[in-house]
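[1] sequence? don't have it. structure:
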C-alpha cells in the first residue's frame, strides 16, 4: 500500500511545485530588482524634472562631441583588441607554439591591471617628462617625449589592458570547436589561411562579439585611465561636471545618455551574435595542431612584444616606484587602514550580492516564465550602468530622500551590490542548473516546506557557485574607483582611493604600493579561470 501512496504524494507535490513560485520568493526578487533599478529610475525622474532644458543640454554641440569621442574610443579599443586577441588565441590553442601554456597565462594577466593603474604606468613611463625620457636624456639628448595624453594614450592604455577579455572568450570557443568542418575544407583543397577565414573565423563570431561587448562596456565605463590621460569621455565629463557645478542636472542628463548608449551597445552585440547555430551535431573531432614552421619565432616575438607592453610596462613602473619609495622611507602607515577598509566594504558587498542573487536565481531557474525572465534580465541592469552613473544617482537620491544614508558605508555597499549583482546571479545560476530538481521535489514530498528545502537542500548543493560568486564580487569591488570616490564616508580610504589620491598629487612612490597590492589580489580570479581551461593537446576533452 505504501508503494501506491508514495508516488501519489510525490505527484501532488510536483504539481504544486510547478503551479507557481512561493510568494516570499517572488516578493524578495521583486524588491531586489526594484533596488537595482533605483539609480536608473532616479536619473529618469531628474531628467523629466529638468523639462525642456534637458533636451537643450542633450542637443548641445559639446554633448554630441562627448558622445562622438566616447563612441570612437570604444570602437577603436574593441577593433584593436580584437586584432591582438584573435591571433594570440589561435597561436596558444591551435599551434605548436613553444611554451604555449606559459604564453596563455602571460597574455591573460594584463586584465588584472585596473585601468587607473595602467594609466598611472603610462603617465609615469611615457609622459613628456616620464621615466623613458629620463632614460634617453643623457645618451641621446632627448629632453621631451611626444604627448601621450588625449585619445592616443587612452586608446593604447585601454587596448593593452582589455584585450584579454576577448582573448579568453575566443580561447574557450577554440577549445570547444569541432574539427570536422576544417577537415572538410582542407579536403576540398583550401589552404590554412582560407580555411581560417571561411570556416574557423565565422564560428568564432559569437565569442568575439561577447568579448567585444565586455571591452566596449569597460571602455565606456572607465574613469581612471581616461582621467589620468586627460581624455574627455563621458565618465570624465560627468565627474568634472558633478565636482564643479552646484546645478548638477547636466551630470544627470549625461549619465542617462551614457546608460542609453550602453543599451545600444548591448543591442548591437545581440545582433552581431546572429541566429546561426555553431554547435556540432554529433561527436566532435580532434582539431589538428598546426605546425608553425618558419613562423614559430616571429610568433614568439609578437607575443613577447604584447606581454612587455601590457604586463612588463606596468610591472616595471610599479616596482621602480616601490624601490624609490622604500629608499626614501615613504609613509606607508595608511596601508593598514586602507586594506582593512577595502576588504571590509568589499566583503559586505559580496555577502549582500550573493544573498540578493539567490531569490532571483531560484525564481528564474525553478519557476521559469515571463515574470522570472524579466527579473533575471533586469538584474543585469547594474552591469549596463557604469560605476560613476550608479554613484551619481545614489548621491542625488541620498541627498534628497535618504539623508541618513548619505555618505555612509551602507550606501557604498549598496552601490557595489547593484553594480556586481549580475556576477553573483551568473555564478549561482550556473551551479543551480546542475542540481536535479527531483532532489528538491523528493524533500517536498516528505512534507518539507519550500523555505526549508531551499535552506537545507538547494543552497548546500549550489555552494560552489556561491563561493565563486562571493570571490568574484569581492575582488571586483576591491578595484571599484568612481563609486568609492563619490559615495565613501568622509575619511574612509581604500587601496583604490589611496592610489588615486597619490597619483593625482604626483606622489608616484606612494601610489605604487597600493597599486601593487590591488594587482596581486586581482590576479586570483584570472588564475581560477585559467585553471579551468583544458590542458594538453586539442584532443583533450
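    Ah, there it is. The structure displayed is predicted, hence computed values, not measured ones. Residues are numbered from 1 along each chain as shown.

[2] Now the element after the helix or strand hosting residue 417, going C-ward?
    Secondary structure from DSSP states H and E places residue 417 in helix 409-432. Next helix or strand after helix 409-432 toward the C-terminus (DSSP H and E): helix 437-445.

[3] The helix or strand harbouring residue 45 - contacts with which helices or strands?
    Element membership for residue 45, per DSSP H and E: helix 23-50. Under the contact definition 3 or more Cβ pairs under 8 Å, 6 or more residues apart in numbering; DSSP states H and E, helix 23-50 sits against helix 52-58, helix 249-273, helix 334-366, helix 370-378, helix 381-384, helix 387-401, helix 409-432. All C-beta spots, glycine's among them, are computed from the backbone N, C-alpha and C.

[4] Now do that helix: distance to the chain's middle.
    Here the centre of mass of C-alpha atoms in helix 23-50, compared against the chain's by Cα atoms, centre = their mean, to the nearest Å, lies 23 Å away.

[5] Now that helix: buried residues?
    Going by neighbour count (16 or more other Cβ atoms under 10 Å), the buried part of helix 23-50 is 25-26, 28-30, 32-33, 36-40, 42-43, 46-47, 50.

[6] Average pLDDT for that helix, rounded please.
    Averaged across helix 23-50, pLDDT comes to 85.

[7] between that helix and helix 249-273, how many degrees?
    For helix 23-50 against helix 249-273, the angle by axes from the mean of the first three to the mean of the last three Cα atoms, to 10 degrees is 120 degrees.

[8] Run the angle between helix 23-50 and helix 387-401 for me.
    90 degrees.

[9] what's the angle between helix 23-50 and helix 370-378?
    60 degrees.

[10] shaky segments in the stretch 51-200 of the chain?
    Within the stretch 51-200 of the chain, the stretches with pLDDT under 70 are 51-54, 176-199.

[11] Repeat the analysis, applying 50 as the threshold.
    For the stretch 51-200 of the chain, no stretch is flagged by pLDDT under 50.

[12] What of the stretch 201-350 of the chain?
    Short version for the stretch 201-350 of the chain, where the test is pLDDT under 50: 276-284.

[13] residue ranges for the helices of it, please.
    Applying DSSP state H, counting those that start in this stretch to the stretch 201-350 of the chain gives helices spanning 201-203, 205-221, 224-228, 234-244, 249-273, 296-307, 313-327, 334-366.

[14] for those helices, which one sits closest to residue 379?
    When those are compared by Cβ to Cβ, helix 334-366 sits nearest residue 379, at 5.3 Å.

[15] Could you tell me which other helices and strands the closest one packs against?
    helix 23-50, helix 370-378, helix 409-432, helix 463-479, helix 495-504, helix 508-531.

[16] Pull out the buried residues from it.
    Using 16+ other Cβ under 10 Å as the test for burial, helix 334-366 gives 334, 338-339, 341-343, 345-350, 352-354, 356-366.

[17] before we move on, what about stretch 408-424?
    Residues of stretch 408-424 classed as buried under the neighbour-count rule (16+ other Cβ under 10 Å) are 408-409, 411-424.

[18] rewinding a little: quick check: which of the helices of the stretch 201-350 of the chain is nearest to residue 392?
    Using Cβ to Cβ, the nearest of the helices of the stretch 201-350 of the chain to residue 392 is helix 249-273, at 5.2 Å.

[19] Please state the offset of that closest one from the chain centre?
    Here the centre of helix 249-273 is set off from its chain's centre by 16 Å, with Cα atoms, centre = their mean.

[20] same deal with stretch 78-93?
    Put simply, stretch 78-93 sits 18 Å off its chain's centre (Cα atoms, centre = their mean).

[21] which residues are in contact with it?
    97, 100, 103-104, 107, 155, 159, 162-167, 170-171, 174-175, 196, 200-201, 204, 208, 211-212, 215-216, 219, 292, 299, 302-303, 306, 538 (Cβ atoms under 8 Å, 6 or more residues apart in numbering).

[22] Over to stretch 384-401?
    So stretch 384-401 is in contact with 38-40, 42-43, 46, 217, 220-221, 223, 234-235, 238-239, 242, 248, 251-252, 255, 258-259, 262-263, 266, 382, 405-407, 411, 414-415, 418-419, 480-483, 485-487, going by Cβ under 8 Å, 6+ apart.

[23] list the contacts for the residue lying closest to residue 309 once chain neighbours are set aside?
    Once flanking residues are discounted, residue 309 sits nearest to residue 160: 5.7 Å by Cβ to Cβ, 6 or more residues apart in numbering. For residue 160, the contact set (Cβ under 8 Å, 6+ apart) comprises 110, 118, 309-310, 313.

[24] try it again with 7 Å
    110, 118, 309-310 (Cβ atoms under 7 Å, 6 or more residues apart in numbering).

[25] Which of the residues you listed fall within strands?
    Of the contacts of residue 160, none are assigned to strands by DSSP state E.

[26] I'd like those residues as a markdown table, with neighbour count appended.
    Formatted as a markdown table, the contacts of residue 160 follow (neighbours: other Cβ atoms under 10 Å):
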| residue | neighbour count |
| --- | --- |
| 110 | 24 |
| 118 | 28 |
| 309 | 15 |
| 310 | 25 |
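
[27] rewinding a little: the helices of the stretch 201-350 of the chain into CSV, with extra columns for distance to residue 130?
    Shown next, in CSV, are these (distance: least, Cβ to Cβ, whole Å):
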stretch, distance to residue 130
helix 201-203, 39
helix 205-221, 24
helix 224-228, 12
helix 234-244, 21
helix 249-273, 31
helix 296-307, 20
helix 313-327, 9
helix 334-366, 25
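
[28] Would you tell me which one of those helices is buried the most?
    Among these, judged by mean count of other Cβ atoms under 10 Å, the one packed with the most neighbours on average is helix 224-228 (a mean of 27).

[29] who's in contact with that one?
    Taking Cβ under 7 Å, 6+ apart as the rule, helix 224-228 contacts 114-116, 118-120, 123, 154, 157-158, 233, 235-236, 481, 500, 503.

[30] Check stretch 516-523 too.
    109, 112-114, 117, 318, 322, 339, 475, 478-479, 495-496, 499.

[31] Just the endpoints, please. Distance across stretch 397-410?
    14 Å (Cα to Cα, to the nearest Å).

[32] in that stretch, what counts as buried?
    Across stretch 397-410, burial judged by 16+ other Cβ under 10 Å covers 397-398, 405-409.

[33] Stretch 79-96 now?
    Under the neighbour-count criterion of 16+ other Cβ under 10 Å, stretch 79-96 has 80-82, 84-95 buried.

[34] Likewise for stretch 485-495?
    Those would be 485-488, 492-495, for stretch 485-495 by 16+ other Cβ under 10 Å.

[35] surely residue 229 meets residue 153?
    Yes: applying Cβ atoms under 7 Å, one finds residue 229 in contact with residue 153, separated by 4.0 Å.

[36] And these two? Which one has more around it.
    Using other Cβ atoms under 10 Å as the criterion, residue 229 and residue 153 rank with residue 229 on top: 28 against 22.

[37] All good on my end, thank you.
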